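Student: Output the structure for:
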Amino acid sequence: MSLLSYWPAKEEVDRCIKSEAEAVSDEVLLAVHQQFPLAYLTVGPDGKVVSESRKVASEDDLLRHLLDSAPEGSLVVPITGASGVGKSHMIRILDARLRRLPDASRYLVIRIPKSASLRRVVELILEAEPLQGPKYDKIRAEFEKALADLPLAQAVILFQAQLRIALSDFETTLHLQQQQSPTAENLRRRLHVTRGLPQLLADAATEAYFHEQVLP
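Tutor: Numbers count the residues shown, from 1 in each chain. Alright, predicted model coming up:
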């Protein structure tokens with residue numbers, strides 16, 4: 001008998017080997033995963049990354065940092081890197097490991113797809129199991145009513161207007177801070193960006209993006 005008789009067909013290969021990490025089970029993902037080197041940097045009070053703070057870290061370090069206490073009430077940990085280095089893979093690994101902790105029930109993990117619109121983000125949050133029940137029924141009802149009552153075109157206009165108002169208020173705050181620290185280069189740059197963002201929001205391409213990607 002020829003060896004070709006044992007060679008798998010394309011359909012059989014596809015059933016066995018998943019090309020996308022999202023398509024495989026957590027068990028398979030964790031079994032074949034190989035840790036890769038990480039580094040972390042801290043962000044200073046001025047919002048800038050402190051380059052001198054760079055330190056080598058492991059996945060265990062990252063997980064411990066995420067599970068550590070947050071005295072300020074929240075902890076933001078952006079995972080950055082060049083395209084294709086495995087940022088989404090790392091998120092999937094963290095999710096799988098969190099779900100296997102002895103006290104996993106303490107944590108609520110909501111993974112947001114890259115292509116999710118603002119509406120979909122809210123829906124995913126409200127669909128979470130701990131948010132089911134009469135306590136959150138009113139919020140869900142108000143959200144659905146708002147979607148039904150407000151046409152998309154009007155929602156885009158209102159959302160952009162609210163962003164512009166928030167930017168205007170922030171510009172006033174930065175301007176007052178700059179008056180107290182006229183030589184602060186970071187304040188000058190932030191004020192420049194804050195003043196220019198409303199023009200970006202008014203651009204036709206930005207408005208089209210809001211219509212097609214942000215609020216649908």
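
Student: Over to Val56. Which of the three states is it?
Tutor: Following DSSP: H, G, I helix; E, B strand; the rest coil, we place Val56 in the strand state.

Student: Would you mind giving the domain segments of the protein?
Tutor: 9-109, 150-214 (automatic domain parsing).

Student: Most tightly packed of these?
Tutor: The highest average neighbour count among the domains of the chain, using mean count of other CB atoms under 10 Å, belongs to domain 150-214 at a mean of 13. Placement of C-beta: from N, CA and C, glycine included.

Student: Could you tell me the average pLDDT over it, please?
Tutor: For domain 150-214, the mean per-residue pLDDT is 82.

Student: Of all the domains of the chain, which one is nearest Ser115?
Tutor: Taking CB to CB as the criterion, domain 150-214 is the member of the domains of the chain that comes nearest to Ser115, at 7.9 Å.

Student: what ranges do the strands span in the chain?
Tutor: For the chain, the strands identified by DSSP state E occupy 38-40, 55-57, in order along the chain.

Student: what's the first one packed up against?
Tutor: If contacts are counted by 3 or more CB pairs under 8 Å, 6 or more residues apart in numbering; DSSP states H and E, strand 38-40 sits against strand 55-57, helix 59-67.

Student: What's the mean pLDDT across it?
Tutor: Strand 38-40 shows an average pLDDT of 90 in the prediction.

Student: got it, and stretch 75-86?
Tutor: The average of the pLDDT scores along stretch 75-86 is 86.

Student: Identify the residues contacting that stretch?
Tutor: Applying CB atoms under 8 Å, 6 or more residues apart in numbering, the external contacts of stretch 75-86 come out as Phe36, Leu62, His65, Leu66, Asp68, Lys87, Met90, Ile91.

Student: which pair in the residues you listed spans the largest distance?
Tutor: Maximum pairwise distance among these (CB to CB): 22.2 Å, between Phe36 and Asp68.

Student: Give me the helices and strands touching the longest helix seen in the chain, please.
Tutor: Criterion DSSP state H: the longest helix present in the chain is helix 152-180. Contact here means 3+ CB pairs under 8 Å, 6+ apart; on that basis helix 152-180 packs against helix 185-201.

Student: Pipe the strands of the chain into a markdown table and attach distance to Glu144 per row.
Tutor: Formatted as a markdown table, the entries for these read as follows, by distance: least, CB to CB, whole Å:
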| stretch | distance to Glu144 |
| --- | --- |
| strand 38-40 | 40 |
| strand 55-57 | 43 |
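
Student: and Leu201, which of the ones you listed is closest to it?
Tutor: Between Leu201 and the strands of the chain, the shortest gap by CB to CB is with strand 38-40, which sits at 32.8 Å.

Student: Tell me which strands the closest one pairs with, and in which orientation.
Tutor: Pairing partners of strand 38-40, with direction, according to DSSP bridges: strand 55-57 (antiparallel).
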